[in-house]
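Engineer: only the shape, not the letters, is given here:
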């Protein structure tokens with residue numbers, strides 16, 4: 001198995017956290033939870049056959065996705081199939097980073113996974129065909145990066161207002177929405193609309209996901225099981241019950257369960 005990650009060059013780096021690629025996947029499980037991280041993901045399947053997205057309430061049911069798809073902002077975990085021998089590459093967007101590549105509010109993709117040919121038509125399938133013709137992963141990254149720059153056209157200018165809002169939402173204690181709006185120079189209504197268009201979630205939910213991500217990263221790095229009541233406070237939660245509630249909502253498990261089941265990748269929990 002080969003797994004590679006590459007940070008893009010500016011100006012794309014303001015919008016895309018990384019490009020990734022794996023070939024000939026080797027796994028011993030068939031399903032995995034992917035936990036929400038306040039970002040969107042573009043996936044290009046370099047192998048054949050539909051890939052599975054399971055119904056989290058009934059894991060015997062699933063939808064199939066082929067060739068290329070976009071995963072919008074998720075507020076809960078999703079369950080995906082792990083196909084032995086598969087090869088994929090993709091784009092991990094920064095929070096709000098996918099906006100220059102779509103001509104509609106990102107909230108229209110929230111809590112959804114959509115095959116990209118429905119949005120970008122034949123051009124995304126043509127890109128996949130070109131990627132399949134290249135043998136070098138570096139060449140694949142170069143082609144994908146060039147495509148994204150052309151796709152965004154002249155829209156790769158950082159949104160400083162959004163950047164300031166997101167930076168504030170990553171901090172604790174959290175400002176009220178009206179305080180945040182005043183700080184970045186927007187009305188409350190304008191700020192909600194800005195997040196709807198460029199992020200895909202409300203500022204409040206984005207803030208909760210940032211805090212969950214911070215807590216998850218701390219739990220993932222812990223060599224021994226934390227004292228969860230203390231852990232909750234240092235992670236920005238009011239108490240342990242608040243911490244458990246947020247993990248149950250976003251990850252479908254308690255923080256203790258997450259710590260016991262954590263894998264080498266913080267966002268992934270293997271199911272079987």
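Structural biologist: Sure thing, it's come through. Keep in mind the model is a prediction, meaning the values are calculated, not measured. Numbers count the residues shown, from 1 in each chain.
Engineer: biggest helix in the protein, by residue count?
Structural biologist: Using DSSP state H, we find that the single longest helix of the chain is helix 203-221.
Engineer: for that helix, the distance to its chain's centre please.
Structural biologist: Relative to the chain's own centre, helix 203-221 is displaced by 13 Å; criterion: Cα atoms, centre = their mean, to the nearest Å.
Engineer: cool, and stretch 252-265?
Structural biologist: Chain-centre distance of stretch 252-265: 18 Å, with Cα atoms, centre = their mean.
Engineer: so what would you say the end-to-end distance of that stretch is?
Structural biologist: Terminal residues of stretch 252-265 are spaced 17 Å apart (Cα to Cα, to the nearest Å).
Engineer: quick one on the thing from earlier: quick one: buried residues of the longest helix of the chain?
Structural biologist: By neighbour count on 16 or more other Cβ atoms under 10 Å, the buried set for helix 203-221 is 203, 205-213, 215-216, 219. C-beta here means a position set from N, CA and C on the backbone, and glycine is covered the same way.
Engineer: so for it, mean pLDDT?
Structural biologist: Taken as a whole, helix 203-221 has a mean pLDDT of 96.
Engineer: and it, what other elements does it pack with?
Structural biologist: Packing partners of helix 203-221 (3 or more Cβ pairs under 8 Å, 6 or more residues apart in numbering; DSSP states H and E): helix 160-169, helix 177-184, helix 188-198, helix 228-234, helix 240-251, helix 255-261.
Engineer: contact partners of the last one?
Structural biologist: By Cβ atoms under 8 Å, 6 or more residues apart in numbering, the list of residues contacting helix 255-261 from outside reads 215-216, 219-220, 222, 225-226, 228, 231, 243-244, 247, 251, 253, 269-270.
Engineer: nearest approach to residue 120 belongs to which of the helices and strands packed on helix 203-221?
Structural biologist: helix 188-198 (18.8 Å; Cβ to Cβ).
Engineer: got a list of contacts for the closest one?
Structural biologist: 96, 99, 105-107, 159, 161-162, 165, 177-178, 180-181, 184, 186, 201-203, 206.
Engineer: go ahead and measure how far it is from the middle of the chain.
Structural biologist: Relative to the centre of its chain, helix 188-198 is centred 20 Å away, using Cα atoms, centre = their mean.
Engineer: ok, and for stretch 250-264, which residues are buried?
Structural biologist: For stretch 250-264, by 16+ other Cβ under 10 Å, it's 250, 251, 252, 253, 254, 255, 258, 259, 262.
Engineer: need the contact partners of stretch 98-105.
Structural biologist: For stretch 98-105, contacts defined as Cβ under 8 Å, 6+ apart pick out 15, 40, 42, 70, 106, 109, 119, 148, 151-152, 155-156, 159, 196-200.
Engineer: narrow the residues you listed to those in helices?
Structural biologist: Counting by DSSP H, the contacts of stretch 98-105 contribute 119, 148, 151, 152, 196, 197, 198 to helices.
Engineer: now, among the buried residues of helix 203-221, which is nearest to residue 172?
Structural biologist: Ranked by distance to residue 172 (Cβ to Cβ), those are led by residue 211 at 7.0 Å.
Engineer: excluding covalently adjacent residues, which one is nearest to that closest one?
Structural biologist: residue 236 (5.1 Å; Cβ to Cβ, 6 or more residues apart in numbering).
Engineer: which SS class is that neighbour?
Structural biologist: Following DSSP: H, G, I helix; E, B strand; the rest coil, residue 236 is assigned to coil.
Engineer: appreciated, that's everything.
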